[in-house]
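coords please:
(2 chains)
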Amino acid sequence: DAGITQSPRHKVTETGTPVTLRCHQTENHRYMYWYRQDPGHGLRLIHYSYGVKDTDKGEVSDGYSVSRSKTEDFLLTLESATSSQTSVYFCAIRASGTDGELFFGEGSRLTVL
Amino acid sequence: QKEVEQNSGPLSVPEGAIASLNCTYSDRGSQSFFWYRQYSGKSPELIMFIYSNGDKEDGRFTAQLNKASQYVSLLIRDSQPSDSATYLCAVSGAGSYQLTFGKGTKLSVIP
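Numbering: from 1, shown residues only, chains lettered A, B, ... in the order given. The predicted structure is shown next:
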């Protein structure tokens, strides 16, 4: 158990509304990631963080922003949700002292109507 | 852009057989290679990782890496119905803290 909690686990919202997904970890890991997973596309990196207030973009960052004000929390925000952002979102951590492998949270299923 | 390619499947094997899952990658500088298993509706879980050319065995699983051919594979011996899942190949480059994933191969083990 990597001690990762995602919330909410399921959310239905309407186009144009803001949405924030939260990833919480209990083990003080430095690196945290947000991926989205869609049929036919696999897992794609949205944003990642390498420390408090240190974040960078992944390959599909348009329409998303992130914040990390505390080591344990990494927030993903959709400022104005679109139907193309309907997806399953996974948070992951890279455990300190490991060989680079990522450990995933249970996922957040977002539906934008 | 770094690419990781996998056959989408489904790959069907009878119970007790060897399942062979393959993955190719485009970035010759890639250094770390990972296999994840993902059951339907669940999150990916790490099975194995490999860094050096050759084979690495862990129980019924063997990862094989050939950097010259930019090819990594996962063999599952004595396949069980509980092995039925989607298998994701992931790759990271030297000094990179990101993993690039393939789209996954769906494996079905038939009793």
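
residues near A:Thr55, how many?
The number of residues packed near A:Thr55 is 18, by other C-beta atoms under 10 Å in any protein chain shown. Yep, even glycine has a C-beta here, placed from its N, CA and C like the rest.

isn't it right up against A:Tyr64?
No: counting by C-beta atoms under 8 Å, A:Thr55 stays clear of A:Tyr64, with 10.8 Å between them.

who touches both of the two?
Common contacts of A:Thr55 and A:Tyr64, defined by C-beta atoms under 8 Å, 6 or more residues apart in numbering or on different chains, comprise A:His47.

next up, the contacts around A:His29.
The contact partners of A:His29, by C-beta under 8 Å, 6+ apart, come to A:71, A:93-96.

which residues does whatever residue of chain B ends up closest to chain A contact?
Ranked by C-beta to the nearest C-beta, the top residue of chain B for proximity to chain A is B:Lys103, at 3.7 Å. Shown in contact with B:Lys103 (C-beta under 8 Å, 6+ apart): A:40-42, B:6, B:8.

kindly reformat the residues you listed as a markdown table containing secondary structure, neighbour count and distance to B:Ser108.
Listed next are the contacts of B:Lys103 as a markdown table, based on DSSP: H, G, I helix; E, B strand; the rest coil; neighbours: other C-beta atoms under 10 Å in any protein chain shown; distance: C-beta to C-beta, whole Å:
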| residue | secondary structure | neighbour count | distance to B:Ser108 |
| --- | --- | --- | --- |
| A:Gly40 | coil | 6 | 19 |
| A:His41 | coil | 12 | 21 |
| A:Gly42 | strand | 21 | 19 |
| B:Gln6 | coil | 21 | 15 |
| B:Ser8 | coil | 14 | 13 |
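
report the lowest-confidence entry in those.
Lowest pLDDT of the contacts of B:Lys103: B:Ser8, 81.

which of the helices or strands spans B:Phe33?
Assessed by DSSP states H and E, B:Phe33 sits inside strand B:30-38.

any low-confidence regions in chain A?
For chain A, the stretches with pLDDT under 70 are A:1-2, A:97-98.

tell me which parts of chain A are close to chain B?
Neighbours of chain B within chain A, by C-beta under 8 Å from any C-beta of the partner chain: A:31, A:33, A:35, A:40-45, A:48, A:50, A:58-59, A:90, A:94, A:99-107.

select only the buried ones of those in PyMOL?
The command below creates a PyMOL selection of those among the residues of chain A next to chain B that count as buried (16 or more other C-beta atoms under 10 Å in any protein chain shown):
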select buried, chain A and resi 31+33+35+42+43+44+45+48+58+90+94+100+101+102+103+104+105+107
